[in-house]
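Participant: okay, here's the prediction I keep looking at, along with the sequence it came from:
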Amino acid sequence: MSPALVLVILAAFLVAIGVYLLLERSLTRIIIGFSLLSNGINIMILIAGGQAGAPPLIGRPDPSRISDPLPQAFVLTAIVITLGITAFLLAMAYRSWQLNGHDEVQDDLEDRRIADRKIRERIAARRLDDDGTPVEADAALARDETGGKPHEEVSEAEERAL
């Protein structure tokens, strides 16, 4: 009861190419990648269903030889859902083409602003000591025993590195 090696390789190939295309910035490639990915997963589901057997009709064959209809039902449902999502993605790509003249997915500027704000909050939290006093105030009071320069303000580049 082992699946055909060709089907396993085909399913793995479709899933790999689909994931690669999903990571692209063009909506057209994303749509093609989604279609390939869903077809590869559908083939995997059919492979997992086992070998073909007798039709699941009551009173006909031996029950041990009947094939399981559940994987086929899953695949039919997945095909319908994939068709709906593909239609939505096509509409989105067409609208993007109408508005921008291209279908490239842009970076979300608001996400970038939120990430920058989180980094600034982390830097501000690191500048406080355990007792809540600023690190700069403690550094000004500390005695430099190495004979080096007195404490200097941390530059913006050093803050970003923190």
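Facilitator: Yep, it's here.
Participant: give the contact list for the nearest residue to M92 once chain neighbours are set aside.
Facilitator: Residue nearest to M92 in three dimensions, not counting chain neighbours: L27, with 6.6 Å by CB to CB, 6 or more residues apart in numbering. Placement of C-beta: from N, CA and C, glycine included. Counting by CB atoms under 8 Å, 6 or more residues apart in numbering, L27 touches 89, 92-93, 96, 103-105.
Participant: now for the helix or strand V15 falls within, which elements pack on it?
Facilitator: Counting by DSSP states H and E, the element that carries V15 is helix 5-22. Applying 3 or more CB pairs under 8 Å, 6 or more residues apart in numbering; DSSP states H and E, one finds that helix 5-22 makes contact with helix 27-48.
Participant: average pLDDT for the top helix by length along the chain?
Facilitator: Assignment by DSSP state H gives helix 70-100 as the longest helix of the chain. What helix 70-100 shows for mean pLDDT is 91.
Participant: domains of the chain?
Facilitator: Listed by automatic domain parsing, the domain ranges of the chain are 5-100, 109-161.
Participant: on that earlier part again, check the average confidence over the helix or strand following the longest helix of the chain, would you?
Facilitator: Following helix 70-100 in sequence order, the next helix or strand is helix 109-126 (DSSP H and E). Taken as a whole, helix 109-126 carries a mean pLDDT of 78.
Participant: touching, T86 and I32? I think so.
Facilitator: No: in this structure, T86 is not within contact of I32 by CB atoms under 8 Å, at 9.7 Å.
Participant: quick one, which of the two is more surrounded?
Facilitator: I32 (18 against 15; other CB atoms under 10 Å).
Participant: ok, now which ones touch the closest residue in space to the more buried one that isn't next to it in sequence?
Facilitator: Spatial nearest neighbour of I32, excluding adjacent residues (CB to CB, 6+ apart): L21 at 5.5 Å. If you count contacts by CB under 8 Å, 6+ apart, L21 has them with 29-30, 32-34, 36.
Participant: R95: neighbouring residues, count only.
Facilitator: R95: 12 neighbours (other CB under 10 Å).
Participant: give me the distance between K118 and R112.
Facilitator: Distance of K118 to R112, computed by CB to CB, to the nearest Å: 11 Å.
Participant: any idea which element Q51 lies in?
Facilitator: Using DSSP H and E, Q51 sits within no helix or strand.
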